[in-house]
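# I would like to see how this sequence folds:
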Amino acid sequence: MSVTPDRRANLLNAELHELFGPDGCVGIRHVDLDTQVAPEDCDSGMIVLWRGGLPVGHLLKGSDGQCHVSPVVAAQDSRPTLALRDLPSASVIICTRDRPNELRRCLASLPEQSLPPAEIIVVDNASKGDETRQVALAAGAIYLREDRPGLDIARNRGAERASSAIVAYTDDDVLLHPRWLEKLVAAFDGPSTGAVTGLVLPAEIATEAQRHFETFWSFGQGYASQIFRAADFASRQYEVYPAWKIGAGASMAFRREVFDRAGLFDERLDVGQAGCSGDSEYWYRLLANGYDCRYEPSSVAFHFHRQTMEGLTRQIYFYMRGHSAALLVQRERTGVKSNLKQAFKWMPLWYLGRVRRRLLGHRTAEDRFLWREIAGYASGILFYLRTRRR
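All right, here's what the predicted structure looks like:
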């Protein structure tokens, strides 16, 4: 029995209402193109366009005052339709620290999944109190305590405990669309696919900091499915492969077997250590080990960006700190020398060009945190030199 456009629009509205509550997504409007006319211009926030129950594009009033319009793609799910009983089992891992309210909100979106997780594992990365444990156990999750600070340390603890064929990760500051896990798992359509990431949309655009992040640092990688092939990676050994474009750690999944072949996450990277890029370094390593990676935007998660400029400033500093450290970790683990040239030549030249432009008086909204970016980048190089493996 086919689903009519009106019925599909009602489903979309009901799903979003269930997920976000009566107040909806602050600063974001969701428009179903099956029943509504496409807007001609931006609202004051963001407009996400849907068709056929799938996100297909957006309009964003950026922090630079411009209307940023993404290309609208055809509403098609590139994965073959499989019965839920035919999909492999999946463990969902959430790593968290001292954010029980955010964790509670995230966990509340998991019982509504069309593909129920075989297990939910909460890894408490050295929270100060007992509330995180209470929230996890109240939701029926498996609770693990990891006292060594570091997101990738916590991710590894979860991977070692997970028992399913697919290991999926999300963050505590995320809400999950009801078909998030189903679409993520269905994208593993062949043994060569080692990792799948999903589309991460903002959950709200309520502050200028959130608007700036979504304008220039968005987690989203577009609305079209993409395959990042190991063969393409192998043919580009003399240039840095942009693994950071594969997706976001807030919505990613792996075949359980890849941890045996490629190892676990590098514990020097990401929050609590270098600051970021533990996910992209791992995708890079999977490509180097012969696995393909997929980006599947039909799997949707909603992320609550930092609300304050102070929090965003710190976040950007650690993003660049982790990025430069990851380039050197990638060189260390795979032997691909182009990472060194990227770290010590092309990135410094890129920053030099931006500094020169700014000194000549050509200020842009994108360069708002330029000095913090540069400081973070330099700090990441020093961090790696202190922690590199002999």
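
# Tell me the spatial nearest neighbour of Leu49, not counting adjacent residues.
Leaving aside its chain neighbours, Leu49 sits nearest to Gly57 (4.4 Å; criterion: CB to CB, 6 or more residues apart in numbering). Placement of C-beta: from N, CA and C, glycine included.

# Tell me if I am right that that neighbour is in a strand.
Yes. Secondary structure of Gly57 (DSSP: H, G, I helix; E, B strand; the rest coil): part of a strand.

# What count of nearby residues applies to it?
20 (other CB atoms under 10 Å).

# got it, and Ser225?
17.

# Also Arg229?
14.

# Same question for Gly361.
Neighbourhood size, Gly361 [other CB under 10 Å]: 6.

# tell me which element it falls in.
When elements are defined using DSSP states H and E, Gly361 is found to belong to no helix and no strand.

# My read is that Ala141 contacts Pro117, right?
No. If you go by CB atoms under 8 Å, Ala141 and Pro117 don't touch, sitting 9.4 Å apart.

# Mind checking what secondary structure the nearest residue to Ser338 once chain neighbours are set aside has?
Beyond its immediate neighbours in the sequence, the residue positioned closest to Ser338 (CB to CB, 6+ apart) is Val240, lying 5.0 Å away. Here Val240 is coil, with the state taken from three-state DSSP.

# that older thread, which residues does the residue nearest to Leu49 contact?
By CB atoms under 8 Å, 6 or more residues apart in numbering, Gly57 lies in contact with Val48, Leu49, Val69, Ser70, Pro71, Val72, Val73, Tyr223.

# Low-confidence ranges, this structure, go.
Along the chain, the model assigns pLDDT under 70 to residues 1-11, 22-23, 75-81, 390.

# so what are the domain limits for it?
As given by automatic domain parsing, the domain ranges for the chain are 5-69, 84-309, 312-387.

# Could you identify which of those is most buried?
Highest mean neighbour count among these (mean count of other CB atoms under 10 Å): domain 84-309, with a mean of 20.

# first vs last residue of that one, how far apart are they?
Taking CA to CA, to the nearest Å, domain 84-309 runs 43 Å from one end to the other.

# so Met159 is in which element?
Slight slip there: residue 159 is Ala, not Met. Element membership for Ala159, per DSSP H and E: helix 151-161.

# And the next helix or strand past that helix?
Criterion used, DSSP H and E; the element after helix 151-161 is strand 166-171.

# That following strand: partners in the sheet, and parallel or antiparallel?
strand 90-96 (parallel), strand 251-255 (antiparallel) (DSSP bridges).

# Which elements pack onto the helix ranked longest in the chain?
Ordering each helix of the chain by length in residues (DSSP state H) puts helix 309-334 first. For helix 309-334, the packing partners by 3 or more CB pairs under 8 Å, 6 or more residues apart in numbering; DSSP states H and E come out as helix 208-216, helix 278-288, helix 338-341, helix 370-387.

# Which residue, other than its chain neighbours, is closest to the most centrally placed residue in the chain?
Of all residues in the chain, the one closest to the mean position by CA atoms, centre = their mean is Ala248, 2.0 Å from it. Leaving out its chain neighbours, the residue that sits closest to Ala248 by CB to CB, 6+ apart is Phe219, at 3.9 Å.

# Residue for residue, what is the longest strand this protein has?
Using DSSP state E, we find that the single longest strand of the chain is strand 292-303.

# For that one, name the packing helices and strands.
Applying 3+ CB pairs under 8 Å, 6+ apart, we find strand 292-303 packed against strand 54-61, strand 174-176, helix 180-186, strand 193-202, strand 226-228, helix 278-288.

# can you give me the angle the longest one makes with helix 151-161?
I take that to be helix 278-288. 60 degrees (axes from the mean of the first three to the mean of the last three CA atoms, to 10 degrees).

# residue boundaries of the helices in the stretch 1-150 of the chain?
Using DSSP state H, counting those that start in this stretch, the helices of the stretch 1-150 of the chain run over residues 5-20, 100-108, 131-138.

# that older thread, neighbouring strands - and their directions - for the longest strand of the chain?
Strand 292-303 sits in its sheet next to strand 174-176 (antiparallel), strand 193-202 (parallel), strand 226-228 (antiparallel), going by DSSP bridges.

# Touching the first one from outside, list them.
Strand 174-176 has contacts (CB under 8 Å, 6+ apart) with 19-20, 105-106, 109-110, 113, 170, 200, 203, 250-251, 301-304.

# Looks like Trp180 contacts Ser251 (just checking).
Yes. Between Trp180 and Ser251 there is a contact under CB under 8 Å: 7.1 Å.

# quick one: Leu264 from Asp152, how far?
8 Å (CB to CB, to the nearest Å).

# Correction: the previous question concerned Glu257.
Taken as CB to CB, the span from Glu257 to Asp152 is 19 Å.
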